[in-house]
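> From the sequence below, what's the structure:
(2 chains)
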Amino acid sequence: MEIETDRVPRPPVVGIIYGEIAYRVAIIGVLIAMVGIVIYLVLGGYLDKASICGDLWRGDTAQTIWKECAGVAGVPQTYWYLGRLGKGDCLAMLGIAVACVAGAVGIWGVVFGLLRNKGGIYILFAFIIAVILSLSASGIITG
Amino acid sequence: MGPIEFFIIFFVISLVIRMVAVLGGIGGGMMFTSLMMGFTGIDSYIIRATGLLIATSGSVVAARRFLARGLANIRLVLFTGVPYALFAVIGALTAAYVKQNLGDVGEAAIRVSLGTIVLVVATLMLFGGGRAQSPEMKNVDGFSQKLRLGMSYWEESLGKVVDYRVSRASVAVLVFCLAGFLSGLFGIGAGWAIVPTFNMIMLVPLKVAAASSSVLMGLGDTAAVWQYIKGGAIFPLLAVPCLTGSILGALIGARIMIRVNARFVRWIIIAIMYGAGLKLFLNGIIRLINL
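Numbers count the residues shown, from 1 in each chain, chains lettered A, B, ... in the order given. Okay, the predicted model is just below:
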């Protein structure tokens, strides 16, 4: 990560790696979410689309909405949408999840990039962030 | 209201909020969350989850350009990302705890606290003329020097390379713990706290501070947003129009930025934030009185 100061400095490769990976994963996620929501608006899905608008607008809690619109008690598991990807809202939720995992995927790219470039203490920083993000996304960190 | 109307309304609202936010030089999460909580009846936990999703995704999309141009300082992001990500998760877990265990008292406290933060940020925007494009560095403390946080970037307006150093890293860690916690708890992102910390405490040039802040939020808030997903607070019918509207609003805002009077937009944002902050604060107080 050395910088030359006598001409336009080259940005650190690990930064470019993170930016490219995270951007592409996030855009893929947003596109999946858009396809899913169109299907949901046209064909319906797991959550009853007729009643969810009223429930949200009325200020119902997440628990109440899940109960009234999907008939489940309490809130579902983190990955409730994975088993129902034929339904539009579940596909849209998959897209949102992909967009939300973009940072975690990108930071692992940084860890490996820094390992190759002998990034010193920054390998440790990147690794700690990668672990926090991965544990959070996998549902292991919980309240 | 039918689902298609609902989708269109939230798409347009998010687009306008993000566009105005970009023109005023602030993140979209703070404006989205405070306005939605202040002026709609939607459950605050759901709004905060959606606000955090917007802040995170917008930052991730913007990060690529900042990193490719060398404006964002990746070392700075990785160093400050550890306390920020950790405390963003703690903040999101606290939000879930408050929601589940403190009921109406917790909801009122969240509204009063967020209202106060929004009012403070609006006041800082009003009187905060202390930010420097390139802060003057007298000496660097030993800890910051060991971390070698300083870098260089090409300053287009000056037509030359700017070398900068970074100071007070140890003090800044404490601020990033607090910023991460508040971002996770309230779902507002934390650009309002990160940029001044980079610029005024660590003495990072303003452009680098803003770019690095965006990258940091994309990373740190990702950790927090999963706690809200686990809490069942992300509903695609609300989240997707807000997400897509927000990204489109950021792109449009960036394009028209050079043609509009940013100072005028900033005044409008300050007025909106005072309105939303005051409404949230009073709403929380009334809830507390009525308990």
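
> Could you point out which residue ranges in the stretch 51-200 of chain B have low pLDDT?
With pLDDT under 70 as the threshold, the stretch 51-200 of chain B has low-confidence stretches at B:128-132.

> ok, and the closest non-adjacent residue to residue A:51?
residue A:69 (5.6 Å; C-beta to C-beta, 6 or more residues apart in numbering or on different chains). Yep, even glycine has a C-beta here, placed from its N, CA and C like the rest.

> does any bit of stretch B:78-92 sit next to chain A?
Yes: counting by C-beta under 8 Å from any C-beta of the partner chain, chain A has neighbours in stretch B:78-92: B:78-79, B:81-82, B:85-86, B:89.

> And residue B:258, what's its pLDDT?
Looking at residue B:258, its pLDDT stands at 62.

> same check, this time on the one 4 residues further on
At residue B:262, the pLDDT value in this model is 62.

> For the residue in the stretch 101-250 of chain B positioned nearest to chain A, which non-adjacent residue is closest in space?
Nearest residue of the stretch 101-250 of chain B to chain A: residue B:232, at 2.8 Å (C-beta to the nearest C-beta). Once flanking residues are discounted, residue B:232 sits nearest to residue A:75: 2.8 Å by C-beta to C-beta, 6+ apart.

> For stretch A:123-136, buried residues please.
Using 16 or more other C-beta atoms under 10 Å in any protein chain shown as the test for burial, stretch A:123-136 gives A:123, A:125-136.

> per-residue confidence averaged over it?
Stretch A:123-136 comes out with an average pLDDT of 95.

> next one: stretch B:266-282
The average pLDDT within stretch B:266-282 is 85.

> ok, the residue of the stretch 101-250 of chain B closest to chain A - how many residues close by?
Neighbour count for residue B:232, taken as other C-beta atoms under 10 Å in any protein chain shown: 23.

> now residue B:18
With other C-beta under 10 Å as criterion, residue B:18 counts 27.

> Which positions within whichever strand or helix holds it qualify as buried?
According to DSSP states H and E, residue B:18 maps onto helix B:3-24. Within helix B:3-24, the residues scored as buried using 16+ other C-beta under 10 Å are B:3, B:6-7, B:10-11, B:13-15, B:17-24.

> and the next element down the chain from that helix?
Once the chain leaves helix B:3-24, the following helix or strand, as judged by DSSP H and E, is helix B:28-39.

> so does that next one get close to chain A?
No: judged by C-beta under 8 Å from any C-beta, helix B:28-39 stays clear of chain A, getting no closer than 10.8 Å.

> between the following helix or strand past that helix and helix B:28-39, how big is the angle?
Using DSSP H and E, the helix or strand that follows helix B:28-39 in sequence is helix B:44-68. Interaxial angle, helix B:44-68 versus helix B:28-39 (axes from the mean of the first three to the mean of the last three C-alpha atoms, to 10 degrees): 160 degrees.

> Flag every buried residue along helix B:44-68.
So for helix B:44-68, counting by 16+ other C-beta under 10 Å, buried means B:44-64, B:66-67.

> How about stretch B:242-257?
Neighbour-count burial for stretch B:242-257 flags B:242-247, B:249-250, B:252-253 (criterion: 16+ other C-beta under 10 Å).

> Would you reformat these as a markdown table and include pLDDT and secondary structure?
Formatted as a markdown table, the buried residues of stretch B:242-257 follow (pLDDT from 0 to 100; DSSP: H, G, I helix; E, B strand; the rest coil):
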| residue | pLDDT | secondary structure |
| --- | --- | --- |
| B:242 | 93 | helix |
| B:243 | 91 | helix |
| B:244 | 93 | helix |
| B:245 | 92 | helix |
| B:246 | 88 | helix |
| B:247 | 87 | helix |
| B:249 | 87 | helix |
| B:250 | 82 | helix |
| B:252 | 85 | helix |
| B:253 | 79 | helix |
